[in-house]
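> with the input below, show me the fold.
(one chain, ligands or ions: 2)
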Amino acid sequence: MSSPNSTKGLHVITWGCQMNVYDSARMTDVLAPLGYRPVESPDAADMVILNTCHIRDRAAEKVFSELGRLRLVKRERADQGRDTVIAVAGCVAQAEGEEITRRAPYVDIVLGPQTYHRLPEMVARAARAGGKVIETDFPAEQKFDFLPEAITAQAVPGASAAAPGLTAFLTVQEGCDKFCSFCVVPYTRGAESSRPVASVLAEARHLVARGAREITLLGQNVNAYHGTGPDGSDWSLARLAHALAEIDGLWRIRYTTSHPRDMDDDLIAAHRDLPQLMPFLHLPVQSGSDRMLSAMNRGHTADAYRRLVDRLRAARPDLALSSDFIVGHPGETEADFEATLQLVRDIGFAQAFSFKYSPRPGTPAAGAPLRVAEFVADQRLQALQALLREQQAAFNADCVGRRAEVLFTGPGRHPGQIAGRTPWLQPIHVEGGESLIGARALVDIRAAATNSVSGALIGGARIAPSQTSEVDCLQPALEDHRA
Ligand code: SAM
Ligand code: SF4
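Ligands and ions are numbered 1, 2, ... in the order given. Okay, the predicted model is just below:
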């Protein structure tokens with residue numbers, strides 16, 4: 001193996017949600033002192049990490065098929081006298097454990113999501129012993145206390161290589177105690193825990209000092225955040241958002257993913273009171289049928305969700321809503337599915353993710369009777385997605401004529417264009433110079449497509465850093481889509 005101080009290539013392949021994107025960046029950070037630097041291809045990598053997701057589909061099979069490819073890379077590099085450490089991290093690693101090294105003996109390290117702060121030690125152990133290192137326990141120590149400052153820019157969707165750190169993720173909460181019938185998260189990510197306030201604020205200040213202007217707070221149940229504050233009391237997500245809003249240079253705050261049961265009055269009020277809190281909320285509901293919501297163990301009814309949305313919209317009339325849906329959960333009837341379509345029509349979503357139920361081993365729903373036939377689930381998914389696409393296009397069309405503050409993150413698709421995000425998380429393109437990348441400016445939205453909008457800068461207006469977020473057209477955009 002190469003000496004500890006020489007530069008070594010690190011290639012990380014990430015599946016899954018934003019939390020995995022964040023984790024991959026932090027694993028890169030924790031390996032930097034050992035000389036590891038990101039490289040584009042596994043062929044050039046002395047270490048390859050597969051950061052996996054177990055939430056849906058044939059997650060483990062995808063990992064084993066990628067491992068098959070890496071086995072060849074490892075063999076070719078070995079022929080050239082070069083070692084390759086292969087590590088499998090994330091939720092598949094947590095769920096499969098030793099099964100991974102049994103089926104793929106060329107894997108050196110298997111580590112769960114709660115142990116990646118120990119990666120340097122695991123690399124050293126793997127090198128010394130030439131054996132396997134498997135760490136899938138839930139250690140007593142908090143990994144965040146042992147991680148270096150975040151330095152690696154995350155591959156944030158929508159951010160551009162021209163300004164990689166402008167938008168950043170920051171994990172504030174992990175794990176889940178809710179045990180929805182279909183979900184592996186409580187088993188793979190462990191019990192719910194929140195990072196202390198001081199650690200979150202320090203990381204946010206650090207990200208802002210490195211150029212971040214928009215931070216998305218992450219957690220499997222981010223609005224259940226209850227980190228210990230400097231005064232020893234538990235802080236809510238709303239209180240944390242207020243403290244973050246005081247950081248000079250942090251223009252935008254978002255958070256995801258929220259559970260309807262944890263949406264408290266303070267957080268709703270924060271949407272009214274904090275201009276930095278963007279008017280976009282991902283609030284998964286999964287189903288519009290009370291029978292299914294109960295079978296899923298979601299702990300709320302469809303009407304409770306409707307009332308919650310009413311309160312949110314009363315606080316922030318231009319709030320754009322997004323959600324997750326599952327069709328074909330065991331026991332779902334045609335009437336249940338119709339109730340989901342009705343809820344979608346009632347609420348009007350700006351965007352949403354919808355999935356066909358996928359049995360996860362070890363979860364209660366996986367053993368439940370009354371499985372929905374594949375072709376029925378497929379038909380339901382298509383019908384739901386068609387409705388959601390229609391609503392997304394309608395939401396974008398409703399934005400035409402609005403004036404919005406845009407954070408520009410990179411060049412646009414065509415020469416002379418720049419791209420950014422609206423407050424409602426839509427990708428937006430305008431004619432403009434690249435000097436605006438990293439700045440925010442007011443834009444008149446002039447045209448809409450299903451997935452994006454385009455517009456024109458208002459007299460080249462750049463918003464000075466001291467100005468707060470200013471959007472002068474706050475129409476309740478979704479009212480029209482209510483049935
Ligand atoms: N904590 C979030 C919540 O409660 O809404 C969700 C987190 S989960 C990582 C993201 C989404 O994946 C879920 O909202 C759900 O729609 C989907 N999902 C989770 N397990 C699934 C399964 N077994 N089959 C299909 N979709 C699933
Ligand atoms: Fe999974 Fe439910 Fe927890 Fe969300 S709330 S992470 S869906 S168990």
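> ok, residue 112 to ligand 2 distance?
Distance, residue 112 to ligand 2, by CB to the nearest ligand atom, to the nearest Å: 16 Å. Where you see a C-beta, it was placed from the backbone N, CA and C, and this is true even at glycine.
> OK, contacts around that residue?
Each residue near residue 112 by CB atoms under 8 Å, 6 or more residues apart in numbering is listed here: 89-91, 93-94, 135-138, 188.
> pLDDT score for it?
The model reports residue 112 with a pLDDT of 91.
> ok, now residue 365?
96.
> now do the one 4 residues further on
As predicted, residue 369 sits at a pLDDT of 89.
> spell out which residues of the stretch 101-250 of the chain are next to ligand 1.
Within the stretch 101-250 of the chain, the positions lying close to ligand 1 (CB under 6 Å from any ligand atom) are 182-183, 185, 220-221.
> nope, the stretch 251-400 of the chain is what I was after
257, 259, 284, 286, 324, 326, 355, 357-358, 360.
> if we can go back for a sec, intersect the residues of the stretch 101-250 of the chain next to ligand 1 with the contacts of ligand 2.
183, 185, 220-221.
> for the stretch 351-483 of the chain, which residue gets nearest to ligand 2?
residue 363 (8.8 Å; CB to the nearest ligand atom).
> helix, strand or coil: sort out whichever residue of the stretch 301-450 of the chain sits closest to ligand 2 for me.
Distances between the stretch 301-450 of the chain and ligand 2 by CB to the nearest ligand atom are smallest at residue 324, namely 8.0 Å. Here residue 324 is strand, with the state taken from DSSP: H, G, I helix; E, B strand; the rest coil.
> buried set for stretch 187-198?
187-190, 192-197 (16 or more other CB atoms under 10 Å).
> ok, now stretch 433-449?
For stretch 433-449, a neighbour-count test (16+ other CB under 10 Å) marks 436-443, 445, 448 as buried.
> same question for stretch 413-429, mean pLDDT?
pLDDT averaged over stretch 413-429 gives 94.
> just the buried residues of that stretch, please?
Buried residues in stretch 413-429, counted by 16+ other CB under 10 Å: 418-429.
> which SSE is immediately downstream of the strand or helix carrying residue 169?
In this assignment (DSSP states H and E), residue 169 forms part of strand 167-171. Sequence-wise, the next helix or strand downstream of strand 167-171 (DSSP H and E) is strand 173-174.
> what is that next one packed up against?
strand 193-194 (3 or more CB pairs under 8 Å, 6 or more residues apart in numbering; DSSP states H and E).
> which residues touch the strand it packs on?
Strand 193-194 has contacts (CB under 8 Å, 6+ apart) with 142, 172-175, 219, 224-228.
> could you list every helix and strand in contact with the strand holding residue 169?
Against strand 167-171 (3+ CB pairs under 8 Å, 6+ apart) you get helix 18-31, helix 197-209, strand 214-218.
> from the chain's centroid, how far away is it?
9 Å (CA atoms, centre = their mean, to the nearest Å).
> likewise stretch 427-447?
24 Å.
> can you measure across that stretch, start residue to end residue?
Stretch 427-447 stretches 12 Å from its first residue to its last (CA to CA, to the nearest Å).
> go on, stretch 315-323?
Note: stretch 315-323 ends 19 Å apart using CA to CA.
> now do it: distance to the chain's middle.
Using CA atoms, centre = their mean, the offset of stretch 315-323 from its chain centre is 18 Å.
> quick check: residue 23 touching residue 93?
No: if you go by CB atoms under 8 Å, residue 23 and residue 93 don't touch, sitting 11.4 Å apart.
> so residue 24 makes contact with residue 51?
Yes: taking contacts as CB under 8 Å, residue 24 lies within contact range of residue 51: 4.8 Å.
> what residues are shared contacts of these two?
Joint contacts of residue 24 and residue 51 (CB under 8 Å, 6+ apart) are 12, 14.
> what about stretch 166-180, near ligand 2?
Yes: on the criterion CB under 6 Å from any ligand atom, stretch 166-180 is in touch with ligand 2 at 176, 178-180.
> ok, which stretches of the stretch 301-450 of the chain are strands?
Ranges of strands in the stretch 301-450 of the chain, per DSSP state E, counting those that start in this stretch, are 320-327, 351-356, 403-411, 417-421, 427-431, 440-448.
> could you give the angle of the strand holding residue 169 to strand 403-411?
In terms of direction (axes from the mean of the first three to the mean of the last three CA atoms, to 10 degrees), strand 167-171 departs from strand 403-411 by 90 degrees.
> circling back: what bridges to the residue of the stretch 301-450 of the chain closest to ligand 2?
Counting by DSSP bridges, residue 324 forms beta bridges with residue 353.
> what does the model give it for pLDDT?
Looking at residue 324, its pLDDT stands at 97.
> what sits against residue 229?
By CB under 8 Å, 6+ apart, the residues touching residue 229 are 196-197, 235, 239.
> if you set the cut-off to 6 Å instead, what comes out?
Residues in contact with residue 229 (CB atoms under 6 Å, 6 or more residues apart in numbering) are 197, 235.
> ok, now residue 395?
residue 350.
> neighbours around the closest residue in space to residue 388 that isn't next to it in sequence, how many?
Sequence neighbours aside, residue 352 is the residue nearest to residue 388 in space, at 4.7 Å (criterion: CB to CB, 6 or more residues apart in numbering). Residue 352 has 22 neighbouring residues, counting by other CB atoms under 10 Å.
> my guess is residue 352 contacts residue 387, does it?
No: between residue 352 and residue 387 there is no contact under CB atoms under 6 Å: 9.4 Å.
> wait, residue 322 sits on residue 351?
Yes: using CB under 6 Å, residue 322 is in contact with residue 351, at 4.8 Å.
> residues making contact with stretch 50-62?
So stretch 50-62 is in contact with 13-16, 20, 24, 63, 88-92, 95-96, 184, 188, 358, going by CB under 6 Å, 6+ apart.
> let's see that with 8 Å instead.
12-17, 20, 23-24, 27, 63, 66-67, 70, 86-96, 183-185, 188, 355, 358, 360.
> and residue 241, helix, strand or coil?
helix.
> how about residue 211?
coil.
> burial check on it, number of neighbours?
Count around residue 211 with other CB under 10 Å applied: 14.
> the nearest residue to it once chain neighbours are set aside: neighbour count?
Nearest residue to residue 211 in three dimensions, chain neighbours excluded: residue 165, at 4.6 Å (CB to CB, 6+ apart). When neighbours are defined as other CB under 10 Å, residue 165 has 19 of them.
> can I assume residue 29 is in contact with residue 143?
No: the pair residue 29 and residue 143 fails to qualify as a contact (CB under 8 Å) at a distance of 11.9 Å.
> in stretch 72-81, what counts as buried?
Buried-residue list, stretch 72-81, by 16+ other CB under 10 Å: 73-74, 77.
> before we move on, back to that, export the helices and strands packed on strand 167-171 to CSV and tack on mean pLDDT?
What follows is the helices and strands packed on strand 167-171, written out as CSV (pLDDT from 0 to 100):
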stretch, mean pLDDT
helix 18-31, 92
helix 197-209, 96
strand 214-218, 97
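> and ligand 2, which of these is closest to it?
helix 18-31 (10.3 Å).
> distance between stretch 48-68 and the chain's centre?
The answer for stretch 48-68 is 18 Å, by CA atoms, centre = their mean.
> just the mean pLDDT for stretch 65-73, thanks.
96.
> who's in contact with residue 15?
50-53, 59, 62-63, 90.
> done for today, thanks.
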